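>>> mind looking at a prediction? Sequence and model below.
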Amino acid sequence: MINDEISQRLANEVVAFIDGRRDDKEEKFLKEIIKPLLVMVKTHSQEAEIIKTIEKSKKAKTQTSLDFLQVKYQNLISLITDIDTDINLDVDVNVDVDEDFLKLKKLKESYQQFIIDNNNEHQPVTWLDQYAIKAKDISFATHVAKLTHSSSKSSSILDVSVKESENYLTSNCLNDPLFDTASSNAASLPIASILKLTVEGISILDCLKNDDNSLFKHLTDNEDVIEKWCGYLKQSYDNSQKQSCFLAKQIYFPTKEGQYHLLLPLVSSSLVHVLHLEHKKYWDDNQVVQARKQKSANKYSAVNICVYPNKAYIHVTGSNHSNASSLNGVRGGRIALLPTMPPQWRYRLSSYINKTSIFDKTLAFQLKEEIEELKDYLLLLKNKSLSITEPKRNEAVRRKLQAISSQFFNYVDAVNNHESMEGWTVDSTLSREQQLMFEPRREDAVAKALKINQEWQKIVSKAYGRWLNRELEQKSKLALTTIHAALWADCFLLELKEIIAIQEVEL
């Protein structure tokens, strides 16, 4: 048994829910009658400015939509009160009375009658009498039949099994699955919302499952009525009758010769909704939005984000998505489909243990974009017969050379990180100078001998200059000389010395 406080609060939640539906209906009704009322006021009132103000008025933040429409209705009615009084619409009218005022009388009377009927209909006892019986159309489910076909009358399934397989993504893999509410009749969905009302983690459905009807005693003293409600409401989860439908999808799965299983595929709304919430973070989570902006600007972000490329969506049940299920309504009828692409090959960095030089086709591929940018610029200067010695052009060339060398050193770092152990260059077939370029922190005898002077850096730089010359000339009309190679080598040497100096400081 739940305590009396929670029982009272659950009853209050029921009343608030029913009152909300009452207000929604009145709001909809007012929207329909205000338009013709505004036409009549414009026709018969001389207060053009006031009418315009009323027509253009906006809802205040402290107002509900219903309050705003009620005030608007009363303001419009007040503008024709004098005329209404003169005609005296409360007495029998004659044929000379303007037709618009007859419409006004009918409109006012229909609104007054609507309020009476609407209030009576949404008295908690009356409303529950009408809707409790509809609980038989409700089923709390993980797999919803209407998500497979929107007109299907098949039963939905509540899968609470715990067995799972690492090879498959299924609803029982979820740590805290959201149960959906399915209905064979959309008109029955409001009672499902009542059953899910919760206070301090206790729902009305939980109370029914524990045979606790105390909350309903705050709504009526009639025990027979309470027992009738509970009997109807329990059908939402205690209905063992399952049925299929001719619109259901079916798969004949062979088991033995001449035998088969008949499988009925159903969409797991619980699983679909978890994916929906995950994808929604990409647009709604402030940190993720900021991380996306950082990514677009090629800037660092401490927040990791997941991207799901090539998603597709199917839309279920047209405009009224709640017809299929409550969670389907929450996600706007959208079910995300992820691409079933085969695993993509991951690029594996080449090992240089058995190579004689880093200046090969692999390096050219890694620096292709930066090299092409310099090549295009040099061709532009050649076509326009311009020299690179002019300060601005010379600076532009140096920036492009720095981009190439920067990417070169990033590649060297990546190769080092890829190798399994420190000191790997000792057993490699690389030249001693290139070994030291990969691992300048080596302190063995060979490395110390090379470090006595910095000649090894010049040797590596010259090899770099010759290699870059060849790459720039390849498939182009550039005719580069040893002077150009020396220029590339000098620029590279400055970058190399800086890199080595930084590493020595960090030791």
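Happy to help now that I have it. Numbering: from 1, shown residues only.

>>> what's Ile18 in contact with, if anything?
122, 124, 127 (C-beta atoms under 8 Å, 6 or more residues apart in numbering). (C-beta placed from N, C-alpha, C; glycine too.)

>>> go on, Gln290?
With contacts taken as C-beta under 8 Å, 6+ apart, Gln290 has the following neighbours: 301, 303.

>>> for the strand or helix carrying it, list every residue counted as buried.
Using DSSP states H and E, the element containing Gln290 is helix 286-296. Neighbour-count burial for helix 286-296, counted by 16 or more other C-beta atoms under 10 Å, picks out 288, 291-292.

>>> again with stretch 153-167
Neighbour-count burial for stretch 153-167, counted by 16+ other C-beta under 10 Å, picks out 154-157, 159.

>>> residue boundaries of the strands in the stretch 51-200 of the chain?
Applying DSSP state E, counting those that start in this stretch to the stretch 51-200 of the chain gives strands spanning 138-141, 143-144, 180-183, 198-199.

>>> deepest-packed of those, please.
With neighbours defined as mean count of other C-beta atoms under 10 Å, the strands of the stretch 51-200 of the chain peak in mean count at strand 180-183, which reaches a mean of 27.

>>> which strands or helices does that strand pack on?
Judged by 3 or more C-beta pairs under 8 Å, 6 or more residues apart in numbering; DSSP states H and E, strand 180-183 is in contact with strand 138-141, helix 189-195, helix 269-284, helix 326-330.

>>> how about 7 Å then?
strand 138-141, helix 189-195, helix 326-330 (3 or more C-beta pairs under 7 Å, 6 or more residues apart in numbering; DSSP states H and E).

>>> out of these, which one sits most buried?
Ranked by mean neighbour count, the helices and strands packed on strand 180-183 are led by strand 138-141 with a mean of 23 (mean count of other C-beta under 10 Å).

>>> put the alpha carbons of it into PDB.
The C-alpha trace of strand 138-141 is given here as PDB (Å, rounded to 0.1, in the frame of the first residue of the first chain):
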ATOM      1  CA  ILE A 138      -4.100  -0.400 -24.500                       C
ATOM      2  CA  SER A 139      -1.000  -2.500 -24.200                       C
ATOM      3  CA  PHE A 140       2.300  -1.500 -22.600                       C
ATOM      4  CA  ALA A 141       4.900  -2.800 -25.100                       C
END
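
>>> neighbouring contacts of that strand?
The contact list for strand 138-141 (C-beta atoms under 7 Å, 6 or more residues apart in numbering) reads 155-158, 179-183, 188, 191-192, 236-237, 239.

>>> hmm, which two among the residues you listed are most spread apart?
Greatest spatial distance among the contacts of strand 138-141 (C-beta to C-beta): Ile157 and Ile191, at 20.1 Å.

>>> the spatially most central residue of the chain and Lys375, how far apart?
Nearest to the mean C-alpha position of the chain, by C-alpha atoms, centre = their mean, lies Lys280 at 1.8 Å. Going from Lys280 to Lys375 by C-beta to C-beta, to the nearest Å gives 46 Å.

>>> where do the helices sit along the stretch 351-500 of the chain?
All helices of the stretch 351-500 of the chain, identified by DSSP state H, counting those that start in this stretch, fall at 361-366, 368-383, 391-418, 432-438, 445-451, 455-473, 482-506.

>>> which among those helices is found nearest to Ser150?
Nearest of the helices of the stretch 351-500 of the chain (C-beta to C-beta): helix 368-383, 49.8 Å.

>>> and the angle from the closest one to helix 455-473?
With axes from the mean of the first three to the mean of the last three C-alpha atoms, to 10 degrees defining the directions, helix 368-383 sits at 70 degrees from helix 455-473.

>>> now helix 368-383: buried residues?
370-371, 374-375, 377-378, 381.

>>> then stretch 413-426?
415, 419, 424-425.

>>> can you list contacts of it?
349, 351-353, 435, 438-439, 442, 444.

>>> follow-up on the earlier one: specify which member of the contacts of Ile18 is nearest to Ser45.
Comparing those against Ser45 with C-beta to C-beta places His122 closest, at 34.1 Å.

>>> excluding its backbone neighbours, what's nearest Gln503?
Closest residue in space to Gln503, ignoring its immediate chain neighbours: Pro440 at 5.7 Å, by C-beta to C-beta, 6 or more residues apart in numbering.

>>> should've said Ile314
Nearest residue to Ile314, sequence neighbours excluded (C-beta to C-beta, 6+ apart): Ile335, at 5.1 Å.

>>> one step back: got a markdown table for the buried residues of stretch 413-426, with pLDDT and distance to Ile80 too?
Below are the buried residues of stretch 413-426 laid out as a markdown table (pLDDT from 0 to 100; distance: C-beta to C-beta, whole Å):
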| residue | pLDDT | distance to Ile80 |
| --- | --- | --- |
| Val415 | 87 | 86 |
| Glu419 | 81 | 89 |
| Trp424 | 88 | 93 |
| Thr425 | 88 | 95 |
